[in-house]
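*Asks:* Have a look; sequence and predicted model below, questions after that.
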Amino acid sequence: MKKKYIIFLIIIFVVLSLFFVFLNRKYNHITKQKDDEIINICFSIDDNYVKPMLVTIYSLLKNNKSNSVFHFYIFTEGLKEENSELIKKFLEYNLCYLYDFIKIDTSVVSKGRNLYENEYHSGYIKDITLAKVLIPSSLPQNIHKCLYLDSDLIILGDIKDIYNITLDKDYIVGMVLDYWKGSFNSDYYCAGVILFDLDKWRGYDIDSSIRNFIQSKFFYRVRFGEQDILNWVLNEKIKRLDDNYSLVNDAKSERKYRYKHPYIIHYTGRYKPWRDFSDKIYDSYLEKTEVEIDYINKNKVGNTK
């Protein structure tokens with residue numbers, strides 16, 4: 001009996017040792033990363049989009065074939081404490097220890113709402129969504145590049161492939177062409193996935209251009225919020241990314257049938273798969289995310305930050 005007890009203790013010791021070796025390697029992998037090797041990911045959400053964002057993050061992490069290290073920047077007008085804690089615990093449960101919550105002032109865009117909310121505007125686009133145009137100026141100056149992601153995406157490929165795209169020439173951002181053009185005579189881009197060159201953004205003082213546009217007489221023509229703003233202001237300084245980097249899951253989009261293996265699926269529009277309809281791919285990631293959330297809540301998984 002005593003011998004079995006000793007063997008049991010040895011097994012426990014070995015398992016714990018291996019576990020701590022794994023954690024130590026993971027920690028060293030994170031701490032040894034140079035700033036230019038870390039992938040900066042940005043989201044802008046309110047309390048209603050906490051779980052959808054976690055689904056997007058889960059899909060991103062599970063398809064991180066390059067074992068990249070991420071720094072998540074989460075922009076909000078303010079979240080409920082329980083939601084902030086859930087996000088922290090979820091990230092750390094998935095060994096993501098680099099994250100920051102940034103409270104953003106949306107008054108710049110909210111003042112313009114009365115100017116453009118007309119019979120053409122759907123009204124479901126919120127100030128925090130519009131505020132994604134303010135994200136570059138709200139990030140630390142030592143960050144030179146970031147990738148903004150909407151919270152209604154499923155990432156099926158390694159996000160590093162997109163992050164490593166070079167914005168050459170005078171291109172300030174990289175975006176995927178939208179199938180809808182509206183009143184735009186030139187190419188019109190979707191704002192669900194945006195690769196930012198922050199140095200060029202600051203150098204061209206795009207913040208001032210955006211603020212001037214919001215206060216101009218042309219702002220009344222805005223129909224799709226921040227997406228229209230970026231298309232108006234940046235115009236020819238947008239580099240077209242491959243359609244597969246934001247494949248619209250919409251019946252009106254013919255492009256969704258071009259790819260058998262989509263890289264990113266974007267669930268655009270008012271109706272969403274987590275509340276309005278069923279989608280096989282989304283449901284799969286939603287279910288797995290909810291399993292993790294349930295485990296975190298039941299086991300009172302803590303955070304160290």
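*Replies:* Thanks, I have the structure now. Numbering: from 1, shown residues only.

*Asks:* so residue 201 sits right up against residue 172, yeah?
*Replies:* Yes: between residue 201 and residue 172 there is a contact under Cβ atoms under 8 Å: 5.6 Å. In this view, the C-beta of every residue, glycine as well, is placed from N, C-alpha and C.

*Asks:* what distance separates the helix or strand residue 82 falls within from the centre of its chain?
*Replies:* Using DSSP states H and E, residue 82 sits in helix 81-93. Taking Cα atoms, centre = their mean, to the nearest Å, one finds helix 81-93 lying 16 Å from the centre of the chain it belongs to.

*Asks:* And for stretch 139-157?
*Replies:* Per Cα atoms, centre = their mean, the centroid offset for stretch 139-157 relative to its chain is 5 Å.

*Asks:* got the contact list for the closest residue to residue 229 other than its chain neighbours?
*Replies:* Ranked by Cβ to Cβ, 6 or more residues apart in numbering and with sequence neighbours excluded, the top spatial neighbour of residue 229 is residue 133, at 5.4 Å. By Cβ atoms under 8 Å, 6 or more residues apart in numbering, the contact set of residue 133 is 109, 210, 226, 229, 230.

*Asks:* in the sheet, who's paired with the residue positioned nearest the centre of the chain?
*Replies:* Residue closest to the mean C-alpha point of the chain, counted by Cα atoms, centre = their mean, is residue 149 at 2.7 Å. On the basis of DSSP bridges, residue 149 is bridged to residue 193.

*Asks:* Is it in contact with residue 196, as I believe?
*Replies:* No: counting by Cβ under 8 Å, residue 149 does not reach residue 196; the two are 11.6 Å apart.

*Asks:* if you go through the protein in chain order, where are the strands?
*Replies:* Remark: strands assigned in the chain by DSSP state E are 39-44, 70-76, 99-103, 145-149, 153-155, 173-177, 189-197, 238-241, 247-248, 264-266.

*Asks:* The fifth one packs against which elements?
*Replies:* Helices and strands touching strand 153-155, by 3 or more Cβ pairs under 8 Å, 6 or more residues apart in numbering; DSSP states H and E, are helix 50-62, strand 264-266, helix 280-298.

*Asks:* Go ahead and build a ChimeraX selection from the buried members of the contacts of residue 133.
*Replies:* Here is the ChimeraX command that selects only those of the contacts of residue 133 that count as buried (16 or more other Cβ atoms under 10 Å):
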select :109,210,226,229,230
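
*Asks:* Which ones among the contacts of residue 133 map onto helices?
*Replies:* 109, 210, 226, 229, 230 (DSSP state H).

*Asks:* Any figure for the gap between the fourth one and residue 72?
*Replies:* What it means is residue 229. 24 Å (Cβ to Cβ, to the nearest Å).

*Asks:* Check the offset of stretch 275-283 from the chain's centre.
*Replies:* With Cα atoms, centre = their mean, you get 19 Å for stretch 275-283.

*Asks:* May I see the buried residues of it?
*Replies:* Residues of stretch 275-283 classed as buried by neighbour count (16+ other Cβ under 10 Å): 279, 282.

*Asks:* Rounded mean pLDDT for stretch 214-231, please.
*Replies:* For stretch 214-231, the mean pLDDT works out to 77.

*Asks:* typed the wrong thing, it's stretch 61-79
*Replies:* 96.

*Asks:* thinking again about what came up before, just give me the closest of the contacts of residue 133 to residue 11.
*Replies:* residue 226 (55.5 Å; Cβ to Cβ).
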